[in-house]
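K.L.:
I'd like to go over a predicted model; first the sequence, then the structure.
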Amino acid sequence: MSEGRRKATPRRRKKHWAVRVLGWLAALMFVGVIGAVAAFFVIYQTTKIPDPNKEFATNTTTVTYADGIQPLGSFFEQNRHSVPLAQIPKHVQDAVIAAEDRTFWTNPGISPQGMVRAAWNIARGQQLQGGSTITQQYVKVMYLTQERTFTRKLQELFIATKLGRTRDKSATLEGYLNTIYFGKGAYGISAAGQAYFSQPDPRKLTVQQAALLATVLNNPTLFDVTDTDPRTKKRIVDRYHYVLDGMQQMGTISSAQEAKYANKLPQLNPPKQTSGRYQGPKGYLLDMARRELLQRGFTDDQISGGGLKVTTTFSYGQQKNMIVAAQTKVPDKKDNLHVGMATVQPGTGRLLAVYGGPDYVKSQLNWATAKARPGSGFKPFALAAALKDGKSIYDIFQGNSPIKIQGQKLGNEFNRDYGDVTLLKATEQSINTAFYDLVDNKMDNGPDKVVTAAEAAGIPKTKVLEDGRHNPSTVLGPDPYASAVDMAEAYATFAADGVYAPLHVISEVKGQDGKVLFTDKSLDKDKKQAFTPDIARMVNYVLQDVVTGGTGTGAKALGRPVAGKTGTAGGVAVEDRTKDNACGGCMAGSATLTSWWTGYTPQLSTAVVYRAGKTGESNLDPYSSDKAFFGGNWPLQTWLAYMKPALNGVAEEAFQDPNADQIKDTTTPTYTPPPNTPTNTPTNTPTNTPPPSTPPPSTPPPSTPDKPTNTPTNTKPTQPTTPVIPTLPTGGPTKPSNTPKKPGTGGQ
């Protein structure tokens, strides 16, 4: 071969290293895909569809008292009556399909989009969400646990895929419609029809009723039809329209029918509750526990069918004591008289006992969590605010009646004069004018500071309370600022040396496998020093004086150190408001609307509130032989009937004393005691006869600081609403009334 010919032969170049890497990656990817496909088919072939009924029947969520042994109840109710698909009309089937899985008849049992969404959530470290075809939802309910883990999700996908390929779609839909949870303890379409419309036969459900059931099915809590919150109502209406739109697209209903049905939701017609599970006072405890579980992030599915083991903070023994006190130590006249009680353990935030009413089944309105006017029960927060503001308990304030605030004359109960008094004496005797003088004359932005102190102690922040920052009468608790639970919690902060601990009713939650899912130890991080120990101890010192020589002397019968405060709030009874409007407010302050005693030891903080009438806005005075239904009378007696057995066997503990220099009295006030002031120590022998008259409460009614003043207030009645977890969850608090924000709208 010639030299020139050899030079013409091209040389072979080596591939660039990047090309080689890409080739290897492509090969590995191909092998990976083949491996994944092979693994999928292996897992698919080995996946077995488990027995549906065995797992479903054992997922009962149990609830116990604080000891973890004594049963309180359960959240699993097999309210289920299976009906064949042939007895479930097409419009009912289509409503559910339109709401939950519009490709049900054609998809393979899983949703690729849902799988991608689940994978994306895993990558972001978020909680898994369902991919959730009807088949997948059915698999989750019937075959698997309610936990949201990758392993459980993978099981769901394989079982759903196999079920979708091996089982007739109609059979799956029938199983789904007979087991899925619709809320209100109803599993399946028959139970749902009964729970919402008193109609257990699906064949008799209207299109509108079917569409509403399909609406709530998605999330019975988010779409709670009994919730009066406008935001919830909007969610329900929007999804109801979504369901109707799907039915129209499927050809189930016409466009004209869709437009007609969209105008109005169907009328609910629930049957009367007869479940023994919620019967009696314990129903309120179960309701509060369920609501807090929802607040803690547990879903309805987990609560109703997740097999949770829930331990509450409620003490079995303390609860029994409270029920006895609330049902026996009350006036002879009981018709339409309501008692709300709550006990909180200082320093822990644990609600140990609560009395919301005699029977949850008959009324879901929880009188222990319903907001009410706290009256002079709010004065300790003014005291704490004043101490923080640099005031002394021996500073002098006006005790005579009336006092002029913002151009209005405001006075004490029965217009009594007390002369110049110290803050200590003003609290002891609950003197309104002295507290007006303190908050509205001697403190800059006084009402604002009172609200800040109340919220720091544990009174939940609400719009009504926030409005109190601009109300001169806030110190007298004129509006529905707090419930018995709230007051017991807030006073417990003082008892705990100023340490606030979040209120709660759930101590521990375990999963079906025994794994701890929640413990209240996790709430320790939310504890805070709401008040300095010096301020808290001074408040305790002053409120002990209320017991030793003030409006709460009956509490001395407990026989150990006690601090506390009375409170009543007056106004116009709901029955008289039409007449009061007609006469231009002539009945202002003519009725006692709430009456309180909140008392505490270092170990227990307990609040008692009395109210009357269907909405709690009727006059309490006819239930007592006193001039008014004072907090130092029946509320204190009921409190005492509970606290004596509650503290039986518990070592006596004294409050820590304030700094010695702070309690040195260097003043000489011209205190003038009211004439003929009787004592109010109740008898030790339980009777149904009210004790002798107590010293008059000193916080004015909501319209005026004392009943004879001329400042009218047209107080609107509060209305019961569906309950909403206080800070905690509650069973039916009343709506705050729109009391005018002007001086003199508070009460003791």
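P.N.:
Everything's here; your move. Since the model is a prediction, treat every value here as computed from it, not as a measurement.
K.L.:
where does pLDDT dip in the stretch 201-350 of the chain?
P.N.:
Segments of the stretch 201-350 of the chain classed as low confidence (criterion: pLDDT under 70) are 273-275.
K.L.:
and the strands in it?
P.N.:
With DSSP state E, counting those that start in this stretch, the ranges of strands along the stretch 201-350 of the chain come out as 309-312, 337-345, 350-355.
K.L.:
which elements pack onto the shortest one?
P.N.:
When you say that, I think you mean strand 309-312. Identification of packing neighbours for strand 309-312 by 3 or more C-beta pairs under 8 Å, 6 or more residues apart in numbering; DSSP states H and E yields strand 62-64, helix 282-295, strand 506-510. In this view, the C-beta of every residue, glycine as well, is placed from N, C-alpha and C.
K.L.:
hey, C-alpha coordinates of that strand in CSV?
P.N.:
In CSV, the C-alpha atoms belonging to strand 309-312 read as follows (Å, rounded to 0.1, in the frame of the first residue of the first chain):
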residue,chain,number,x,y,z
LYS,A,309,-56.8,4.9,72.4
VAL,A,310,-57.7,8.3,73.9
THR,A,311,-57.0,9.2,77.5
THR,A,312,-58.6,12.4,78.7
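K.L.:
can you list the strands that that strand pairs with?
P.N.:
Sheet pairing of strand 309-312 (DSSP bridges) gives strand 62-64 (parallel), strand 506-510 (antiparallel).
K.L.:
buried residues, the next helix or strand after the shortest one. List them.
P.N.:
The first helix or strand that comes after strand 62-64 along the chain, using DSSP states H and E, is strand 71-74. Counting neighbours by 16 or more other C-beta atoms under 10 Å, one finds that the buried residues in strand 71-74 are 72-74.
K.L.:
what do you get for stretch 506-513?
P.N.:
Under the neighbour-count criterion of 16+ other C-beta under 10 Å, stretch 506-513 has 506-512 buried.
K.L.:
ok, stretch 309-322 next?
P.N.:
309-319, 321-322.
K.L.:
do the same with stretch 287-301
P.N.:
For stretch 287-301, the neighbour count (16+ other C-beta under 10 Å) marks 287-293, 298-301 as buried.
K.L.:
from the residues you listed, pick the one nearest residue 261.
P.N.:
Of all those, residue 261 sits closest to residue 300, with 26.4 Å by C-beta to C-beta.
K.L.:
in contact with that closest one, which residues?
P.N.:
Shown in contact with residue 300 (C-beta atoms under 8 Å, 6 or more residues apart in numbering): 181, 183, 219-221, 294.
K.L.:
what does residue 556 show for phi and psi?
P.N.:
With angles defined as degrees, to the nearest 10, residue 556 shows backbone torsions of phi -60, psi -20.
K.L.:
name the nearest residue to it, ignoring sequence neighbours.
P.N.:
In this structure, residue 556 finds its nearest non-sequential neighbour in residue 547, 5.9 Å apart by C-beta to C-beta, 6 or more residues apart in numbering.
K.L.:
ok, the one you found - how many residues close by?
P.N.:
Residue 547 has 23 neighbouring residues, counting by other C-beta atoms under 10 Å.
K.L.:
show me the contacts for it.
P.N.:
553, 555-556, 562-564, 599.
K.L.:
and if you look at residue 268?
P.N.:
196-197, 225.
K.L.:
residue 135: neighbour count?
P.N.:
Neighbour tally, residue 135, other C-beta under 10 Å: 27.
K.L.:
and the pLDDT for it?
P.N.:
Note for residue 135: predicted pLDDT of 76.
K.L.:
quick check, it in a helix?
P.N.:
Yes - remark: residue 135 belongs to a helix, assigned using DSSP: H, G, I helix; E, B strand; the rest coil.
K.L.:
which of the buried residues of stretch 506-513 sit farthest apart?
P.N.:
507 and 512 (18.3 Å).
K.L.:
picking that back up, which one of the buried residues of strand 71-74 is nearest residue 344?
P.N.:
Using C-beta to C-beta, those come closest to residue 344 at residue 72, 18.3 Å.
K.L.:
any idea how far that closest one is from residue 358?
P.N.:
Computed as C-beta to C-beta, to the nearest Å, the residue 72 to residue 358 distance reads 17 Å.
K.L.:
point out where this protein drops to low pLDDT.
P.N.:
In the chain (pLDDT under 70), the answer is 1-21, 23, 26-28, 30-59, 76-80, 109, 111-131, 141-166, 273-275, 666-748.
K.L.:
domain ranges for it, per the record?
P.N.:
78-262, 314-505+523-568+596-654+664-748 (automatic domain parsing).
K.L.:
among the ones you listed, which is the most enclosed?
P.N.:
domain 314-505+523-568+596-654+664-748 (a mean of 22; mean count of other C-beta atoms under 10 Å).
K.L.:
give me the secondary structure label for residue 564.
P.N.:
Reduced to three states by three-state DSSP, residue 564 is strand.
K.L.:
what sits opposite the residue nearest to it when sequence neighbours are not counted in the beta ladder?
P.N.:
For residue 564, ignoring the flanking residues on the chain, the nearest one in space by C-beta to C-beta, 6+ apart is residue 599 at 3.1 Å. On the basis of DSSP bridges, residue 599 is bridged to residue 564, residue 606.
K.L.:
what segments of the stretch 301-450 of the chain are helices?
P.N.:
316-328, 379-388, 423-428, 432-436, 446-457 (DSSP state H, counting those that start in this stretch).
K.L.:
between the domains of the chain, which one is nearest to residue 276?
P.N.:
domain 314-505+523-568+596-654+664-748 (8.3 Å).
K.L.:
ranges for the helices of the stretch 451-600 of the chain?
P.N.:
Going by DSSP H, counting those that start in this stretch, the stretch 451-600 of the chain shows helices at 463-467, 484-495, 533-549, 577-582.
K.L.:
could I get those as CSV with distance to residue 214?
P.N.:
Written out in CSV, the entries for the helices of the stretch 451-600 of the chain read as follows (distance: least, C-beta to C-beta, whole Å):
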stretch, distance to residue 214
helix 463-467, 34
helix 484-495, 36
helix 533-549, 54
helix 577-582, 43
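K.L.:
relative to residue 277, which of these is closest?
P.N.:
Taking these one by one with C-beta to C-beta, helix 484-495 is closest: 22.4 Å.
K.L.:
quick one: distance of that closest one to the chain centre.
P.N.:
In this view, helix 484-495 has its centroid 16 Å away from the chain centroid, taken as C-alpha atoms, centre = their mean, to the nearest Å.
K.L.:
and it, what does it pack onto?
P.N.:
strand 337-345, strand 350-355, helix 379-388, helix 446-457, helix 533-549, strand 563-571, strand 591-600, strand 605-612.
K.L.:
who's residue 500 bridged to?
P.N.:
With DSSP bridges as the rule, residue 500 is bridged to residue 528.
K.L.:
who touches it in this structure?
P.N.:
By C-beta under 8 Å, 6+ apart, the contact list for residue 500 reads 456-458, 493, 527-530.
K.L.:
ok, now with 7 Å
P.N.:
Neighbour list for residue 500: 456-458, 493, 527-528, 530 [criterion: C-beta atoms under 7 Å, 6 or more residues apart in numbering].
K.L.:
what do you get for residue 565?
P.N.:
376-377, 379-380, 543, 546, 552, 598.
K.L.:
apply 6 Å and report the result again.
P.N.:
Contact analysis of residue 565 by C-beta atoms under 6 Å, 6 or more residues apart in numbering lists 377, 380, 543, 546, 598.
K.L.:
measure it to residue 531 for me?
P.N.:
With the distance defined as C-beta to C-beta, residue 565 ends up 16 Å from residue 531.
K.L.:
same check, this time on residue 624
P.N.:
35 Å.
K.L.:
and for residue 622?
P.N.:
When residue 622 is compared with residue 531 (using C-beta to C-beta), they lie 39 Å apart.
K.L.:
ok, how many other residues are close to residue 280?
P.N.:
For residue 280, the neighbour count with other C-beta under 10 Å is 15.
K.L.:
and it, how far is that from residue 385?
P.N.:
Taking C-beta to C-beta, one finds residue 280 at 41 Å from residue 385.
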